[in-house]
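Peer 1: coordinates for the following, if possible.
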Amino acid sequence: MIAIIKANFNAHITDLLLAGCIDELDSRNEKYKVFECAGAVETVVFANRVIATNQYGAVIVIGAIIQGDTDHYEYVCQYVTQGFATIAATQLTPVIFGILTTQNEALAYERAAVDKMNKGQEFAITAIEMIESFKTV
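Peer 2: The predicted model follows:
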């Protein structure tokens, strides 16, 4: 079973990523459960909590951090990246970092739209590959 944690901040982007992710998992008959939380920052602690349940073979974290007019973008990107680096180094469950960090909304949309490069599909494929890889260890 795969856990998917979707940030609701920038939902117009994260909803598209989630749709691509779910489509891919459904096409492969993979079981999953979707969780939602406030924003990208909150996905860090939420992922830690989900991992602690020992119920999931992988966790996919979906979020979108889009640069604005202030330095807030830099701090959020730093916090989220460091948070998931720590989780990856200390936990035995693979976490797929599906957090877009883009300079503008157009770039985020390009990576999220189902008729474009939808990274959500890639997140699902990576989770499946990591689950299979962990079985060989």
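
Peer 1: how close does Asp115 get to Gln121?
Peer 2: When distances are taken as C-beta to C-beta, to the nearest Å, Asp115 and Gln121 turn out to be 12 Å apart. To be clear about C-beta, it is placed using only N, CA and C from the backbone, and glycine gets the same treatment.

Peer 1: give me the more crowded residue out of those two.
Peer 2: With other C-beta atoms under 10 Å as the criterion, Asp115 and Gln121 differ in neighbour count, and Gln121 comes out ahead with 19 against 6.

Peer 1: and the more buried one, helix, strand or coil?
Peer 2: In three-state terms, and counting by DSSP: H, G, I helix; E, B strand; the rest coil, Gln121 is helix.

Peer 1: which helix or strand contains the residue nearest the centre of the chain?
Peer 2: For the chain, the residue lying nearest the average C-alpha position, counting by C-alpha atoms, centre = their mean, turns out to be Val61 (2.2 Å). Secondary-structure element containing Val61, defined by DSSP states H and E: strand 58-66.

Peer 1: parallel or antiparallel, which strands does that strand pair with?
Peer 2: When pairing is defined by DSSP bridges, strand 58-66 lines up against strand 2-7 (parallel), strand 95-102 (parallel).

Peer 1: out of those, which one sits most buried?
Peer 2: Between the strands paired with strand 58-66, the one whose residues have the most neighbours on average, counting mean count of other C-beta atoms under 10 Å, is strand 2-7 (a mean of 24).
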